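> curious how this folds, go ahead:
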Amino acid sequence: MEEQHSNRHFWKGALAGALAMFLVTVGALGWMQFRGVNFTERLFGAGVQADAGTEQKLQTLKNLIDEEYLYSDEVEEDTLREGIYTGYINALGDPYSVYYDEEETQSLMESTSGEYSGIGVVMSQNLETGITTAAQVYENSPAKEAGMEAGDIIYQVDGEDVTTLDISEIAQRVRGTEGTTVEITVLRGEENEEVSFTIERRQVEVTTVESEMLENQTGYIRITEFDEVTYDQFTAAFENLEAEGMQGLIVDLRDNPGGNLLTVSQILDRLLPEGVIVYTEDKNGEREYLTSDEENKYENPVAVLVNGNSASASEIFAGAIQDYELGPIVGTTTYGKGVVQRIIDLGDGTCVKLTVSEYFTPNGRSINGEGITPDVEAELQENEENPEADSQLDTALSELEKRYQQNAQ
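Next up is the predicted model:
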């Protein structure tokens, strides 16, 4: 989908998209009730007021725009208003808390559902450079058919340079009504060759799960993110592998930025014994527990592949497998995003995503800022003779082979 993912550095998309936990409703703009009259009521609507100092400063800024700003004729009050809301939440200094206007809210809801109208590209943005790339181009998608490739740098959308925009803004421009077209210009390869595509948008279901049977009847399932569609896709892949005689399972969560907490918990419920999957704790010390039952406990060993871009829901998955000692975590230390966001409907088509709690693994480990340390450390080694070689996957296969032998004794 035209939004969040991760690469060698962690991406803004991961920060913005991971762990949207619950959807609640409050009165439109009920969170922003100040004292005062006049300007804020006119700008924001009846009932929204500010203290005298804030009222005066906002009025002063508005007067300066009207009287001095070169392009004041082009300024819309709606845009200014949305900017104030955005800045209000940004001032928290929390990269996970975000205000979404109407269009961004619609895009957010589509991204968490896993179905949307677009071109079929997962985009990722480097926090340090701001460069946005196509991290994945879905098979049979409009983008794939047009010729886009993973690794392409997103340069222009409909002729406008987007290299300075946030990934959510780029995603919003790429998406659109089914049947309409969007022109994408990318920079490709070491020479940054400009390549342009005119792509027709259509309905896309995100493919978040890939699977295959490896050697020694070891099943392999890669999960790129945890959306609403992911549970069904995982279940189908898991059952197909079991029908083929799967003796062990590798779950690849490398570069998975996270996603829906309930989805990852549903998947873990198919693997874990009865007990706690994860619990959260809010500012008041109140805890909420998500638990598994005994019905679908997986009896064979499980290995989990992770890296520094495995975050949030991916860390919940790895932490639970590790705490229940179902098998080795292989790779490098994960990102360390251990806080939960709640999406709050503001009642007027907009929403705010706020960090509301911290989550803990079944054994009570907090991973925020720490990450999950693998049981088996394994850096990804480049292989010039075989660029497709995957040394971390080979390590995971080797670790499962040891457990097969132990179980056979």
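
> can you pull out the low-pLDDT segments for this protein?
1-50, 110-116, 127 (pLDDT under 70).

> quick one, helices of it?
For the chain, the helices defined by DSSP state H cover 12-17, 39-44, 52-68, 77-90, 102-113, 142-146, 167-174, 230-243, 261-269, 313-323, 391-408.

> and those as TSV, adding mean neighbour count and distance to residue 284?
C-beta: built from backbone N, CA, C; applies to glycine. Below are those laid out as TSV (neighbours: other C-beta atoms under 10 Å; distance: least, C-beta to C-beta, whole Å):
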stretch	mean neighbour count	distance to residue 284
helix 12-17	27	25
helix 39-44	18	30
helix 52-68	13	29
helix 77-90	14	21
helix 102-113	18	26
helix 142-146	19	45
helix 167-174	22	31
helix 230-243	17	31
helix 261-269	22	19
helix 313-323	26	22
helix 391-408	16	41
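
> out of the ones you listed, which gets nearest to residue 365?
helix 313-323 (6.5 Å; C-beta to C-beta).

> can you name every helix or strand that that closest one contacts?
helix 261-269, strand 275-282, strand 302-306, strand 329-331 (3 or more C-beta pairs under 8 Å, 6 or more residues apart in numbering; DSSP states H and E).

> report how many residues lie close to the closest residue in space to residue 407 that isn't next to it in sequence.
Excluding the flanking residues, the one nearest residue 407 by C-beta to C-beta, 6 or more residues apart in numbering is residue 301, at 7.6 Å. Counted with other C-beta atoms under 10 Å, residues neighbouring residue 301 total 22.

> measure residue 301 to residue 313 for me?
22 Å (C-beta to C-beta, to the nearest Å).

> could you do residue 109 as well?
Residue 109 is 18 Å from residue 313, by C-beta to C-beta.

> can you check residue 70 too?
On the measure of C-beta to C-beta, residue 70 and residue 313 end up 47 Å apart.

> and the end-to-end length of stretch 222-233?
The first and final residues of stretch 222-233 sit 11 Å from each other (C-alpha to C-alpha, to the nearest Å).

> now do that stretch: distance to the chain's middle.
Distance of stretch 222-233 from its chain centroid, counting by C-alpha atoms, centre = their mean, to the nearest Å, is 12 Å.

> now stretch 371-384
Distance, centroid of stretch 371-384 to centroid of chain: 22 Å (C-alpha atoms, centre = their mean).

> before we move on, what about stretch 124-139?
12 Å.

> again, but for stretch 204-221
Distance, centroid of stretch 204-221 to centroid of chain: 20 Å (C-alpha atoms, centre = their mean).

> longest strand of this structure?
strand 351-360 (DSSP state E).

> and that strand, which residues are buried?
351-360 (16 or more other C-beta atoms under 10 Å).

> from those, pick the one nearest residue 220.
Distances from residue 220 to these, taken by C-beta to C-beta, are shortest for residue 359, at 27.0 Å.

> what's the closest non-adjacent residue to the closest one?
Per C-beta to C-beta, 6+ apart, closest to residue 359 is residue 280, 4.8 Å.

> same check on residue 400?
Nearest to residue 400 is residue 248, by C-beta to C-beta, 6+ apart, at 4.6 Å.

> list the beta-bridge partners for that neighbour.
Note on residue 248: beta-bridge partners residue 218, judged by DSSP bridges.

> tell me how far it lies from residue 357.
34 Å.

> let me see the contact set for residue 173.
Listed by C-beta atoms under 8 Å, 6 or more residues apart in numbering, the contact set of residue 173 reads 157-158, 160, 162, 182.

> number of residues surrounding the residue nearest to residue 400?
The burial count for residue 248: 24, using other C-beta under 10 Å.

> that one touches residue 304, doesn't it?
No: the pair residue 248 / residue 304 is not scored as a contact, 12.0 Å apart, by C-beta atoms under 8 Å.

> overlap of the contact sets of the two?
With C-beta under 8 Å, 6+ apart as the test, residue 248 and residue 304 both reach residue 327.

> just to revisit the earlier point, dump the helices of the chain to JSON lines, plus distance to residue 187.
Converted to JSON lines, these look like this (distance: least, C-beta to C-beta, whole Å):
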{"stretch": "helix 12-17", "distance to residue 187": "19"}
{"stretch": "helix 39-44", "distance to residue 187": "41"}
{"stretch": "helix 52-68", "distance to residue 187": "36"}
{"stretch": "helix 77-90", "distance to residue 187": "29"}
{"stretch": "helix 102-113", "distance to residue 187": "24"}
{"stretch": "helix 142-146", "distance to residue 187": "16"}
{"stretch": "helix 167-174", "distance to residue 187": "14"}
{"stretch": "helix 230-243", "distance to residue 187": "31"}
{"stretch": "helix 261-269", "distance to residue 187": "34"}
{"stretch": "helix 313-323", "distance to residue 187": "29"}
{"stretch": "helix 391-408", "distance to residue 187": "29"}
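
> what's the closest of these to residue 193?
Here helix 142-146 is closest among the helices of the chain (C-beta to C-beta), at 15.9 Å.

> could you say what helices and strands the closest one packs with?
So helix 142-146, by 3+ C-beta pairs under 8 Å, 6+ apart, packs with strand 132-137, strand 193-200.

> which one of the ones you listed is the most hemmed in?
strand 132-137 (a mean of 22; mean count of other C-beta atoms under 10 Å).

> CA atoms of that strand as PDB?
What follows is strand 132-137, C-alpha atoms only, in PDB (Å, rounded to 0.1, in the frame of the first residue of the first chain):
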ATOM      1  CA  THR A 132      11.000   7.900   0.300                       C
ATOM      2  CA  THR A 133      11.400   4.700  -1.700                       C
ATOM      3  CA  ALA A 134       9.200   1.900  -3.000                       C
ATOM      4  CA  ALA A 135      10.000  -0.800  -0.500                       C
ATOM      5  CA  GLN A 136       7.700  -3.300  -2.100                       C
ATOM      6  CA  VAL A 137       5.700  -3.500  -5.300                       C
END
